[in-house]
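Participant: sequence and predicted structure are below.
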Amino acid sequence: MLGGLAVIGHGLSRSTYDSDVWLDPSLSVDEWCAAVRTMTEGRVRLDIVSMGNWASVSEQDFSGVILRDGVVRIIGLRPQLAVLPKGRLVEASYFA
């Protein structure tokens, strides 16, 4: 877990409207997209959207959005979930 909820988890006060999670950075883009799809498929009222314009991400555009933005948002959850394939400020080796 990254972002505001991680800060709150460490005992600090911070407002946040979503949860940020870093999902297995060792996967290829296609494997990563498949893992996110598996988490959301069959669940009513969940949608994967682009962070940049809040547009629904189609099956065909999913890997391109990840390569371009480095994150997608899953809406329909409370709080919303921002899912990242790579840490933005921390390398995966930091956690090894």
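Facilitator: It's in. Numbering: from 1, shown residues only.
Participant: what is the end-to-end distance of stretch 70-77?
Facilitator: Using Cα to Cα, to the nearest Å, one end of stretch 70-77 lies 20 Å from the other.
Participant: buried stuff in it?
Facilitator: 71-75 (16 or more other Cβ atoms under 10 Å). C-betas here are computed from N, CA, C, even on glycine.
Participant: ok, stretch 63-72 next?
Facilitator: Neighbour counts using 16+ other Cβ under 10 Å place 63, 65-66, 71-72 of stretch 63-72 among the buried residues.
Participant: got the contact list for it?
Facilitator: Contact with stretch 63-72 is made by 29-30, 32-33, 36, 48-52, 57, 62, 82-86, 88, as judged by Cβ atoms under 8 Å, 6 or more residues apart in numbering.
Participant: buried among these? Need that as a selection in PyMOL.
Facilitator: Selecting only the buried entries of these in PyMOL, with 16+ other Cβ under 10 Å as the criterion:
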select buried, resi 32+33+36+48+49+50+57+62+82+83+84+85
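Participant: list the ones among the contacts of stretch 63-72 that fall in strands.
Facilitator: 48-50, 82-84 (DSSP state E).
Participant: which ones are touching the spatially most central residue of the chain?
Facilitator: Nearest to the mean C-alpha position of the chain, by Cα atoms, centre = their mean, lies Val83 at 0.6 Å. Residues in contact with Val83, defined by Cβ under 8 Å, 6+ apart, are 21, 23, 36, 71-74.
Participant: so which strand or helix has the nearest residue to Leu81 once chain neighbours are set aside?
Facilitator: With sequence-adjacent residues excluded and distances taken as Cβ to Cβ, 6 or more residues apart in numbering, Leu81 is closest to Ile74, at 4.3 Å. Taking DSSP states H and E as the criterion, Ile74 maps to strand 72-75.
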